[in-house]
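Engineer: fold the following, please.
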Amino acid sequence: GGVKKNVLPQSATAIVNVRILTGNTAVQVAEYITNLLKGHPVEVIYEPSYNDPPSLACHDCDPFNWLAGSVKAVFPDTHVAPGILVAGSDLKHYRRLTKNAYGFAPYNLSKKDKDTKRFHGINE
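Structural biologist: Residues are numbered from 1 along each chain as shown. Just a heads-up that it's a prediction; the model follows:
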């Protein structure tokens, strides 16, 4: 390969960084990418670096209702909703103790201030 813009290199390397959704595994994602590139002169090398995502904790059960009740006892006009954190956290260490380990991400959103319009936008 050359260093000029109009000369194609002999080889290229790409690193693919993915966020694995709950219910999938790193191996499944690697297999998906490998299958996607079948028929192309590409070698896929899988280098695991993270744990698979945990299973979802229940949100229609007593443990979630207890947590929601505690929040509502302090903030009676609030809404408590389940969600998925697509990032790493220390919560993975508690999954060995229970299948229902909950993270907590409080947001104080105001309709008056149009806070929800700021997600991934100006003044985020």
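Engineer: so who does residue 101 touch?
Structural biologist: Residues in contact with residue 101 (CB atoms under 8 Å, 6 or more residues apart in numbering) are 54, 57, 91, 94, 95. Yep, even glycine has a C-beta here, placed from its N, CA and C like the rest.
Engineer: please repeat the previous calculation with a cut-off of 6 Å.
Structural biologist: 91, 94, 95 (CB atoms under 6 Å, 6 or more residues apart in numbering).
Engineer: just for the chain, where's the confidence low?
Structural biologist: 1-2, 49-51, 86-87, 116, 118-124 (pLDDT under 70).
Engineer: picking that back up, which one of the contacts of residue 101 sits closest to residue 25?
Structural biologist: Lowest distance from residue 25 to the contacts of residue 101 (CB to CB) belongs to residue 95, with 14.7 Å.
Engineer: how far off centre is the lengthiest helix in the chain?
Structural biologist: With secondary structure taken from DSSP state H, the chain has its longest helix at helix 62-74. Taking CA atoms, centre = their mean, to the nearest Å, one finds the center of helix 62-74 at 24 Å from the center of the full chain.
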